[in-house]
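Q: Test case, fold it:
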Amino acid sequence: MFSSFDYFWLNVGSLVLGLTAWIIPVVSIMQRKKKANNHSTMILLSMGACAIALWFQLSYNNYLVEINDLPALMDTIGTLNWVAAILLVVTIGLNIISLVSNGKIEPTN
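A: Numbering: from 1, shown residues only. From the prediction side, this is the model:
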């Protein structure tokens, strides 16, 4: 289906989408004064970008298994696990901050 060069783009796409998942809520936080800003849509886009970035990494790992490049898989899987966790936690955290700063949910005190 894909050549090995094509699979390289899964890593690039994952990086771009991961950064996008972080940039979207930051922009939402910075535009909190604007009433026309649809924060719910921005949160959905951010979480969607995070999910697709993680799926790209799963697809790339699947490719490594299919071509039996187990040394590459074994070298990268530990780091990928931590990076995926950081991507997910930071994305969720930024979206929660976006919700709170835009008055969609009230912080508890």
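Q: Next, the buried residues of stretch 51-65.
A: Under the neighbour-count criterion of 16 or more other Cβ atoms under 10 Å, stretch 51-65 has 52-54, 56-57, 60-61, 63-64 buried. To be clear about C-beta, it is placed using only N, CA and C from the backbone, and glycine gets the same treatment.
Q: Just send those back as a markdown table, with secondary structure and pLDDT too.
A: Putting the buried residues of stretch 51-65 into a markdown table (DSSP: H, G, I helix; E, B strand; the rest coil; pLDDT from 0 to 100) gives the following:
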| residue | secondary structure | pLDDT |
| --- | --- | --- |
| 52 | helix | 97 |
| 53 | helix | 97 |
| 54 | helix | 96 |
| 56 | helix | 95 |
| 57 | helix | 95 |
| 60 | helix | 92 |
| 61 | helix | 93 |
| 63 | helix | 91 |
| 64 | helix | 90 |
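Q: Nearest to residue 83 among these?
A: residue 57 (8.2 Å; Cβ to Cβ).
Q: where's that closest one relative to residue 73, distance?
A: 12 Å (Cβ to Cβ, to the nearest Å).
Q: Kindly report the same for residue 65.
A: Applying Cβ to Cβ to residue 65 and residue 73 gives a distance of 6 Å.
Q: again with residue 39
A: For residue 39 relative to residue 73 (Cβ to Cβ), the value is 39 Å.
Q: same deal with residue 99?
A: Relative to residue 73, and taking Cβ to Cβ, residue 99 is found at 37 Å.
Q: Just give me the residue closest to the centre of this protein.
A: A centroid search over the chain (Cα atoms, centre = their mean) returns residue 50, at 2.3 Å, as the residue closest to the centre.
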